[in-house]
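K.L.:
Sequence first, predicted coordinates after that:
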Amino acid sequence: MGEIYRFVRNAAGRMVPTKVNGRRTVPFKGVHAYRPEGKKAAPPVRSSADYPMDGNKVVTDLRTALELCGLRSGMTISTHHHFRDGDLLSQKIFDTAKEMGVRDLMWFPSAAFPCHQTLIEHLDGGVIHHIEASLNGPLGAYASQGRMRGLGVLRSHGGRHRAVQDGDVHIDIAVIAAPSADMFGNANGVNGPSACGPLGYALVDAQYADRVVVVTDNLVPFPCVPWHIMGSYVDHVVVVDKIGDPGRIVTGTTALTRSPDRLLIAELAAKFVKGAGLMRDGFSFQAGAGGTSLAFCKYMGDMMRQEGTKARVMAGGTTEHLVRLLEDGSGAYIFDGQAFDLEAVRSMRENREHLPIAPFDYYNYHSKGFTSQLIDVMVLGATEIDLDFNANVVTHSDGKLLHGIGGFQNCLFSKCTMIAVPSFRDRVPIIVDKVTTLIGPGELIDVVVTERGIAVNPLRKDLIEAAEGKGLPLSSLEEIKTEVEEICGGPPDRPEMTKTPVAVVEWVDGTLLDTVWKTAE
């Protein structure tokens, strides 16, 4: 018999459960309404006397490391996603756990990708009990069918760091794939045959987990520099043949679009930035992982060169387009949370102005201020937008989980947040009366750019005034929605959902923003 849930209505009007995976929850109270209490979490105190005095933490294999860490049933295991669809380590971890007879583990990756479809075997077999992470592709479909024994918990990148820092999630063992490491555990992601870029998403795991294992395919002499992970956090080091395929960092969501419509959207977004007076010397910008957002960077760069405008900060996920702007002097610095292609990896390795950042600094809402608040222009994608400017990025109009949140929620706090989307996909309108799943509150979304027009949130009268008379195709969401529904034959069919929850969406402060329901099939 499945777990019985009690639901309450939150401040966004969404029904959310009062308990998730055994932990009591707090319903969403409003964008800035909830304040945390208490102290930050902390790992156990360790003594250096318990570690080799010669500093050599290398053990023979992954199983030995997990045994030394005391792996047992019911624990939480974390990994990072900097290899994106090229991760080779997660499968080895749970294959080893199965060999050891361990069951009911919670997997806590910084994100999951289609390559992790093979872990469904361990979900069905009981090695993995449930996953608390943004669920992408096959794992999202698996959860949408109600096949996972616990609820998925969808958090942003910053929300994941916050959850660990605040003690909502306790990591028993963190296993960190490191393209280069030394015997002491110092590690980085920019050197070695499997170089994947910065390792910032694993920093919270290294600092807060009870036990930390670094797995590398490139053991170098001490010291491994630069170090993204410090050996003083690391218990054991394991050397394997291959930890990941960096060639698969570029996935479908991190490839520049070739669609004429989407290229037009990207160009219109860049023209809005210029027309509204946001593009000026010393400004800062970031684009998300979608193909349209990445194309925006290209058009933005062309305009900056034409105008002789220089950005102070360009933030990423980084691609070759940002790298070119840095190298031709159009931008002073790149702040980089993860590499989206191999040019970004090279640039971080070679350029001192290409700086690694971690969600602690850039995305953590429960902190003394976070850097994304300082970004002037943020361009993101979405699966749905509703007439109140609310956004959905994890489910489609069929209600199925297919994408992760990533840094989407954290980026909404920029000074001007733009959503660049086609007006319809596969003849399904993107603008709807009410989003299927609420991920981004509309009060934080300032501009929606489509190939059929640009809609500015009525709350941003300053942007409306700045953009008027600049030759931009300004419209309203209602007008775009009406036009698209005439083309597509009406609004999209609403998905048929059951009353069984399969996942919840956390807001950046840890409160519950929405529930994802099992699809009716």
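P.N.:
Nice, thanks for sending it over. Numbering: from 1, shown residues only.

K.L.:
need the contact list for L278.
P.N.:
By CB atoms under 8 Å, 6 or more residues apart in numbering, the contact list for L278 reads 272, 376-377, 416. (Glycine included, C-beta is placed from N, CA and C.)

K.L.:
Include neighbour count and secondary structure when you put those into a markdown table, please.
P.N.:
A markdown table is the format used below for the contacts of L278 (neighbours: other CB atoms under 10 Å; DSSP: H, G, I helix; E, B strand; the rest coil):
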| residue | neighbour count | secondary structure |
| --- | --- | --- |
| F272 | 27 | helix |
| D376 | 19 | coil |
| V377 | 26 | strand |
| C416 | 20 | coil |
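
K.L.:
May I have the secondary structure class of D361?
P.N.:
Put simply, D361 is helix when judged by DSSP: H, G, I helix; E, B strand; the rest coil.

K.L.:
Low-confidence regions, the chain specifically.
P.N.:
Applying pLDDT under 70 to the chain flags the ranges 1-2, 251-257, 288-290, 521.

K.L.:
Name the SS class of the residue nearest the centre of it, please.
P.N.:
Note on the chain: the residue nearest the mean C-alpha position is G406, at 1.7 Å, using CA atoms, centre = their mean. Secondary structure for G406, judged by three-state DSSP, is coil.

K.L.:
roughly how far apart are it and H82?
P.N.:
13 Å (CB to CB, to the nearest Å).

K.L.:
for L264, same thing?
P.N.:
From L264 to H82 the distance is 32 Å (CB to CB).

K.L.:
Neighbour count for these two, which is higher?
P.N.:
The neighbour count for L264 versus H82, taken as other CB atoms under 10 Å, is higher for H82 (29 against 17).

K.L.:
Now do the same for the more buried one: helix, strand or coil?
P.N.:
Assignment for H82 (three-state DSSP): coil.

K.L.:
what's it sitting at in phi/psi?
P.N.:
Torsion angles at H82 (phi, psi; degrees, to the nearest 10) stand at phi -60, psi -20.

K.L.:
so what does the strand or helix carrying V16 touch, helix or strand wise?
P.N.:
Per DSSP states H and E: V16 is located in strand 15-17. Judged by 3 or more CB pairs under 8 Å, 6 or more residues apart in numbering; DSSP states H and E, the packing partners of strand 15-17 are strand 7-9, strand 497-506, strand 512-519.

K.L.:
Tell me which residues are up against the next helix or strand after it.
P.N.:
For strand 15-17, the following helix or strand on the C-terminal side (DSSP H and E) is strand 19-20. Under the contact criterion CB under 8 Å, 6+ apart, strand 19-20 has outside partners 5-6, 25, 151, 153, 504, 512.

K.L.:
quick one: which two of these are the most distant?
P.N.:
Greatest spatial distance in those: R6 and V153, 17.3 Å, computed using CB to CB.

K.L.:
Neighbour count: those two, which is higher?
P.N.:
V153 (27 against 7).

K.L.:
Skip the chain neighbours and tell me the closest residue to the more buried one.
P.N.:
Among residues not flanking V153 along the chain, E132 sits closest, at 4.0 Å (CB to CB, 6 or more residues apart in numbering).

K.L.:
So the one you found sits against G152, correct?
P.N.:
Yes - E132 sits in contact with G152 when judged by CB atoms under 8 Å, with a separation of 6.8 Å.

K.L.:
between the contacts of strand 19-20, which has the most around it?
P.N.:
Using other CB under 10 Å as the neighbour test, the contacts of strand 19-20 are led by V153, with 27 neighbours.

K.L.:
What strands flank whichever strand or helix holds that residue, and is each parallel or antiparallel?
P.N.:
Applying DSSP H and E as the criterion places V153 in strand 152-154. Note on strand 152-154: by DSSP bridges, its sheet partners are strand 497-506 (parallel).

K.L.:
next one: the strand it pairs with to chain centre, how far?
P.N.:
20 Å (CA atoms, centre = their mean, to the nearest Å).

K.L.:
between that strand and strand 512-519, how big is the angle?
P.N.:
150 degrees (axes from the mean of the first three to the mean of the last three CA atoms, to 10 degrees).

K.L.:
Renumber starting at 145 from here on
P.N.:
In the new count, where the first residue is 145, that last one comes out as strand 641-650.

K.L.:
Could you pull out the helices in the chain for me?
P.N.:
Taking DSSP state H, the helices of the chain run over residues 206-212, 233-243, 264-269, 282-288, 301-309, 347-352, 404-419, 435-451, 464-471, 486-494, 503-506, 552-555, 605-611, 621-632.

K.L.:
Can I get those helices in CSV including distance to H380?
P.N.:
Output for the helices of the chain, formatted as CSV (distance: least, CB to CB, whole Å):
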stretch, distance to H380
helix 206-212, 4
helix 233-243, 13
helix 264-269, 22
helix 282-288, 28
helix 301-309, 20
helix 347-352, 13
helix 404-419, 46
helix 435-451, 38
helix 464-471, 35
helix 486-494, 26
helix 503-506, 24
helix 552-555, 32
helix 605-611, 52
helix 621-632, 53
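
K.L.:
How about Q351: what's its closest non-neighbour residue?
P.N.:
Spatial nearest neighbour of Q351, excluding adjacent residues (CB to CB, 6+ apart): Y377 at 5.9 Å.

K.L.:
Quick check: the gap between the one you found and V202.
P.N.:
To V202, Y377 is 16 Å away according to CB to CB.

K.L.:
Neighbour count for these two, which is higher?
P.N.:
Set Y377 next to V202 and count neighbours by other CB under 10 Å: Y377 wins out with 21 against 18.

K.L.:
The more buried one contacts A350, doesn't it?
P.N.:
Yes - here Y377 reaches A350: they are 4.2 Å apart, a contact under CB under 8 Å.

K.L.:
so what sits against both of the two?
P.N.:
With CB under 8 Å, 6+ apart, Y377 and A350 have common neighbours V356.

K.L.:
Quick check on the closest residue to R150 other than its chain neighbours: phi, psi?
P.N.:
Among residues not flanking R150 along the chain, T162 sits closest, at 4.8 Å (CB to CB, 6+ apart). Per-residue torsions, T162: phi -80, psi -10 (degrees, to the nearest 10).

K.L.:
wait, what's in contact with T162?
P.N.:
By CB under 8 Å, 6+ apart, the neighbours of T162 are 149-152, 168-169.

K.L.:
hmm, back to that, can you redo the helices and strands packed on strand 159-161 as a markdown table with distance to D505?
P.N.:
A markdown table is the format used below for the helices and strands packed on strand 159-161 (distance: least, CB to CB, whole Å):
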| stretch | distance to D505 |
| --- | --- |
| strand 151-153 | 34 |
| strand 641-650 | 20 |
| strand 656-663 | 24 |
